[in-house]
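Participant: what's the 3D shape of this:
(2 chains)
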Amino acid sequence: MTKDWDIIITNKSNLLSIDFGEIWRYRDLLTMYVKRDIVTFYKQTILGPLWFIIQPLFTTIMFMFVFGGIAGISTDGIPQAVFYLAGLVCWNYFQDCLSKCSDTFNANQAIFGKVYFPRLVVPLSIVISNLIKMGIQFALFLVVYIYYFASGIDFQVNASLLLVPVLIIMLGALGLGFGMIISSMTTKYRDLRFLITFGVQLWMYATPVIYPLSVMKETYPKYVWVLVANPLTAILETFKYAFTGVGEFNWLYLSYSFIFTAVILLLGIVIFNRVQRNFMDVI
Amino acid sequence: MSNTVIEFNHVGKQYILGSIGTGTLSQDLNRWWANIRGKEDPYLKIGETNDRTQKGDSRFVWALRDINFKVEQGDVVGIVGKNGAGKSTLLKILSRVTSPTTGNIKIKGRIASLLEVGTGFHPEMTGRENIFMNGSIMGMTKAEIKSKFDEIVDFAGVAKYVDTPVKRYSSGMMVRLGFAIAAHLEPEILVVDEVLAVGDAEFQKKAIGKMQDVSKGEGRTVLFVSHNMAAVRSLCTRGVMLKNGMVDFIGNIPDTLDHYLKIDNSAQKEKIIDNVTFTKSTLKINNIEINGTDLSESTIQSRQRELTIKIEGHSQEDMNYDVMLILRNKDGMPYATYAKGHYIGDIQHQSAGDFTIERTILLPEILTRGAIYVDLFLHHPMVEYQLKAPNCCVLETMGYQQGFGSAMNQIDNGFMGLNDK
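Facilitator: Down below sits the predicted model:
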């Protein structure tokens, strides 16, 4: 009689014992989660997925009035619509990943308390479904971009365009990593949850979304280190640079962002994996 | 050949009482510090057994402690115990919702739990979408669900609603759909926790039938937690009784249930005499026994054809009396009455002093399984009551099994057998 057990449930866990094979076996669940997020978003609406576009469109128009018009913040000569939309598409993707992932345990405690499946499926599905949403918004950006391009604006399109997919993956990975860390830490002590609601807003102002890095360098050269330390800065600046040729493109900053992202993602997965085994007892 | 599919080794689960706040932070730091120095968790040494009725000194309790047993393939194990005995915690650990504090569980095969059906239903999604969603949460692949889709809809009986969001479903329909999905999972091991309490009678029958098919026909292993003794008795082959987080008894199901009922009774110490609501002022009742025990819960064995009544007491005056019994089902509907004073005018005389009244009542030809609730009275018909003890005891019956009568055991709460003229 063989004694090869399929599952052994213990309290001990190896720090890096993440069963990626198991996640692969649950890939159907992953697609179901992604589908659910997308489908339920526009249930009982008339405009449906159009809402994905309306939000950044109107925010961009608002930014054009407030920051571009009233405050008169420079956009480095890039048409305001293109500048703000580029920033918003990137920022929205990161923010959605972060805020949704950081609520994973809290929002899913009912189901996590009843059934076992690899918990990582949930934050992964959030990143993927937001990627689809981001794709739609990115299409909007391209439409606006091509409109300005056709009307004679000279964008310096360059080879760093090839980096754009990497940038998008980095945005998602950063949101996922931070989200998982916060989600894990809030299961027992909920203090961080209050921080995240207004912290994300503050974070946006510390990221070159509504202003270019060059403006910050001129106005507050003393505080530029804050922006440079922010891993999102290099990502957004590179994104804008790739499409317009304007902005900071610095391999050093970008490598820093890349390493930062990798570390946060790894840390997030490890912490998440540790917490998920017992979080039901403390949440 | 025995084939162990689940093995519990010294499984324990510790919980912290009270609320989480700044106090718990220092404990966490303590734990962490011990961990760093490679020492044992200081809080594992303390903690007490989990008896929720007793006030304890420690903030740490063991919801489960040192659980050891094995489950063989094809076993249908009924896990019984009082509220808070650790049944659900055990199932939670088994279905990997939470992990044990000590020990380990080894499992062979795919395990699926039915801790609460319909989890993961999204109210905005249609029945169809939810079947796929819920099925994949339970670990089925899309192809598997597709091939069983029609069966599931049919079993749940919601064909008409399959493209309507489940938020429009009645609660019963949700449960049906949830159970239908789970029932078609086909895991090697199924864990079921009290799902049969909901749903109408027709559905309960279907659900129990399905579980029987799963275990008997297909040789799969089922772990079943329920307070419904009749369901446990008819479904399970083996029993495990938990008490205060520890295994108190393991055996075949009739022995386990007998043990459970006995322990349960003596622990509660509820006696028939405690349920007397009225005695005449000249009367003192010392003891009441029904079915050979003074406890308010007892079992009518499968070959038992007689029910005995014994009342001991003291009366200060002569009395004319009759014993009256009303046997009811759990909803209060009478099955039968025993009141010879009323129907044939049979009144007994008892002179002042100590007395013992004894009766032996013949039970009906056919008795199905279920619970019988007893009202007991002493009265002088049309004159006065001497003793009232409504709902004073409950008799659990397994039903008679004789002749071709095993089919009768499938019926709950029946009583009389009818004959030709």
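Participant: near chain B, which residues of the stretch 51-200 of chain A?
Facilitator: By Cβ under 8 Å from any Cβ of the partner chain, the residues of the stretch 51-200 of chain A that approach chain B are A:Ala110, A:Ile111, A:Phe112, A:Gly113, A:Lys114, A:Val115, A:Tyr116, A:Phe117, A:Lys188, A:Tyr189. The way it works is simple: take the backbone N, C-alpha and C, and place the C-beta from them, glycine included.
Participant: Any chance of CSV for the residues you listed, columns neighbour count, secondary structure and distance to A:Phe83?
Facilitator: Converted to CSV, these look like this (neighbours: other Cβ atoms under 10 Å in any protein chain shown; DSSP: H, G, I helix; E, B strand; the rest coil; distance: Cβ to Cβ, whole Å):
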residue, neighbour count, secondary structure, distance to A:Phe83
A:Ala110, 10, helix, 43
A:Ile111, 17, helix, 42
A:Phe112, 23, helix, 42
A:Gly113, 16, coil, 46
A:Lys114, 21, coil, 47
A:Val115, 21, coil, 46
A:Tyr116, 21, coil, 47
A:Phe117, 21, coil, 43
A:Lys188, 16, coil, 42
A:Tyr189, 15, coil, 40
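Participant: Among the residues you listed, which one lies nearest to B:Gly245?
Facilitator: Closest approach to B:Gly245 among those (Cβ to Cβ): A:Gly113, at 19.6 Å.
Participant: Would you agree the closest one is in contact with A:Met280?
Facilitator: Yes. With contacts defined as Cβ atoms under 8 Å, A:Gly113 counts as touching A:Met280 at a distance of 5.2 Å.
Participant: Overlap of the contact sets of those two?
Facilitator: Common neighbours of A:Gly113 and A:Met280, using Cβ atoms under 8 Å, 6 or more residues apart in numbering or on different chains, are B:Lys92, B:Val97.
Participant: picking up where we left off before, could I get the residues of the stretch 51-200 of chain A next to chain B in TSV, plus columns for distance to B:Ala352 and pLDDT?
Facilitator: Output for these, formatted as TSV (distance: Cβ to Cβ, whole Å; pLDDT from 0 to 100):
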residue	distance to B:Ala352	pLDDT
A:Ala110	66	80
A:Ile111	70	82
A:Phe112	70	84
A:Gly113	65	80
A:Lys114	65	78
A:Val115	68	80
A:Tyr116	70	83
A:Phe117	74	85
A:Lys188	71	76
A:Tyr189	74	77
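Participant: TSV for the residues you listed, including distance to A:Glu237?
Facilitator: Conversion of those to TSV gives the following (distance: Cβ to Cβ, whole Å):
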residue	distance to A:Glu237
A:Ala110	42
A:Ile111	40
A:Phe112	39
A:Gly113	43
A:Lys114	45
A:Val115	44
A:Tyr116	43
A:Phe117	39
A:Lys188	37
A:Tyr189	35
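Participant: which residues in chain A form helices?
Facilitator: With helices called from DSSP state H, chain A shows them at A:20-25, A:27-41, A:51-63, A:80-101, A:104-107, A:109-112, A:121-150, A:164-186, A:191-205, A:213-219, A:224-229, A:231-244, A:251-275.
Participant: do the stretch 151-300 of chain B as well
Facilitator: B:171-183, B:201-212, B:229-235, B:253-268 (DSSP state H, counting those that start in this stretch).
Participant: Within range of chain A, give me the residues from the stretch 101-250 of chain B.
Facilitator: Remark: the part of the stretch 101-250 of chain B in contact with chain A comprises B:101-111, B:113, B:115-116, B:119-120, B:122, B:124-125, B:129, B:132-133, B:136-142, B:165, using Cβ under 8 Å from any Cβ.
Participant: Among these, name the buried ones.
Facilitator: With burial judged by 16 or more other Cβ atoms under 10 Å in any protein chain shown, the buried subset of those is B:101-108, B:111, B:113, B:115-116, B:119-120, B:122, B:124-125, B:129, B:132-133, B:136-140, B:165.
Participant: In helices, which of these appear?
Facilitator: Here DSSP H is the test, and these give B:Glu129, B:Phe132, B:Met133, B:Ser136, B:Ile137 as lying in helices.
Participant: Assess the claim that B:Met229 and B:Glu396 are in contact.
Facilitator: Yes. Using Cβ under 8 Å as the test, B:Met229 is close enough to B:Glu396 to be in contact (6.4 Å).
Participant: if you count what's nearby, which of those two comes out ahead?
Facilitator: B:Met229 (20 against 17; other Cβ atoms under 10 Å in any protein chain shown).
Participant: Give me the pLDDT value at the more buried one.
Facilitator: The score at B:Met229 is 74. That number is its pLDDT.
Participant: Smallest gap between the stretch 251-400 of chain B and chain A, at which residue?
Facilitator: As assessed by Cβ to the nearest Cβ, chain A sits closest to B:Asn252 within the stretch 251-400 of chain B, at 23.2 Å.
Participant: and that residue, how many neighbours?
Facilitator: By other Cβ under 10 Å, the residues close to B:Asn252 number 11.
Participant: Name whatever forms a beta bridge with the residue lying closest to it once chain neighbours are set aside.
Facilitator: With Cβ to Cβ, 6 or more residues apart in numbering or on different chains as the measure, B:Arg238 is the residue that lies nearest to B:Asn252, at 6.1 Å, once sequence neighbours are left out. Beta-bridge pairing of B:Arg238, defined through DSSP bridges, involves B:Val77, B:Asn252.
Participant: B:Arg238 is in contact with B:Gly251, isn't it?
Facilitator: Yes. At 7.2 Å, B:Arg238 counts as touching B:Gly251 under the criterion of Cβ under 8 Å.
Participant: So which of those two has more stuff around it?
Facilitator: When B:Arg238 and B:Gly251 are compared on other Cβ under 10 Å, the one with more neighbours turns out to be B:Arg238, at 18 against 14.
Participant: and the more buried one, how far is that from chain A?
Facilitator: When distances are taken as Cβ to the nearest Cβ, to the nearest Å, B:Arg238 and chain A turn out to be 20 Å apart.
Participant: which among the ones in helices among the buried ones among the residues of the stretch 101-250 of chain B next to chain A gets closest to chain A?
Facilitator: Among those, B:Ser136 lies closest to chain A (Cβ to the nearest Cβ), at 4.0 Å.
Participant: close enough to count as contact, the closest one and B:Lys146?
Facilitator: No. The pair B:Ser136 and B:Lys146 does not pass the contact test of Cβ under 8 Å, sitting 11.3 Å apart.
Participant: need the strands for the stretch 251-400 of chain B, in chain order.
Facilitator: When assigned using DSSP state E, counting those that start in this stretch, the strands of the stretch 251-400 of chain B occupy the ranges B:278-279, B:283-290, B:297-300, B:306-315, B:319-328, B:334-338, B:348-350, B:353-362, B:370-380, B:384-397.
Participant: tell me, which of the ones you listed is the model least confident about?
Facilitator: In terms of average pLDDT, strand B:297-300 trails the rest of the strands of the stretch 251-400 of chain B, at a mean of 82.
Participant: re earlier: contact partners for the residue nearest to B:Asn252?
Facilitator: B:Val71, B:Asp75, B:Val76, B:Val77, B:Gly78, B:Ile250, B:Gly251, B:Asn252, B:Ile253, B:Thr256.
Participant: Of the residues you listed, grab the buried ones for ChimeraX.
Facilitator: Buried residues within the contacts of B:Arg238, as defined by 16+ other Cβ under 10 Å, are selected in ChimeraX through the command that follows:
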select /B:71,75,76,77,78,250,253,256
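Participant: a markdown table for the contacts of B:Arg238, including distance to A:Phe105?
Facilitator: Conversion of the contacts of B:Arg238 to a markdown table gives the following (distance: Cβ to Cβ, whole Å):
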| residue | distance to A:Phe105 |
| --- | --- |
| B:Val71 | 31 |
| B:Asp75 | 35 |
| B:Val76 | 34 |
| B:Val77 | 31 |
| B:Gly78 | 33 |
| B:Ile250 | 36 |
| B:Gly251 | 40 |
| B:Asn252 | 42 |
| B:Ile253 | 39 |
| B:Thr256 | 38 |
